[in-house]
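Trainee: no sequence on this one, just coordinates:
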């Protein structure tokens, strides 16, 4: 499939194309960005830090963002950060928690009078 011809149809519209490739950055740039992300995180600018950590793929930073989200009750956002990090142990604990919720919802529906 020729993606360019498909995307050309939307040239005059304000569209956003999401890609999965990370921009090429040098080791020095990555270190500097991670330091900046840590500073932003410590200042409470969590979303700004998140964007940097996602760009650089900084696992420890992503896990800390996930921990922050989890402390605020943003379980799905936390799961996303853990999954990207990747932190299998923390991801699995949330997946188990969510599966228990779904299981309980299914059982409640079965017990509900028709």
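Mentor: Sure, I can see it. No experiment lies behind these values; they were computed from the predicted model shown.
Trainee: distance of residue 101 relative to residue 43?
Mentor: 34 Å (CB to CB, to the nearest Å). Heads up, the C-betas are built off the backbone N, CA and C, glycines and all.
Trainee: the longest helix in the protein is where?
Mentor: The single longest helix within the chain, with elements called by DSSP state H, is helix 88-111.
Trainee: tell me how far that helix lies from the chain's centre.
Mentor: Helix 88-111 has its average C-alpha position 20 Å from the chain's average C-alpha position, going by CA atoms, centre = their mean, to the nearest Å.
Trainee: likewise stretch 49-65?
Mentor: On CA atoms, centre = their mean, the centre of stretch 49-65 falls 9 Å from that of its chain.
Trainee: ok, now stretch 83-99?
Mentor: Stretch 83-99 has its C-alpha centroid displaced from the chain centroid by 12 Å (CA atoms, centre = their mean).
Trainee: roughly how far is stretch 66-84 from the heart of the chain?
Mentor: Distance of stretch 66-84 from the chain centroid (CA atoms, centre = their mean) equals 8 Å.
Trainee: buried ones in it?
Mentor: For stretch 66-84, a neighbour-count test (16 or more other CB atoms under 10 Å) marks 66, 68-70, 77-84 as buried.
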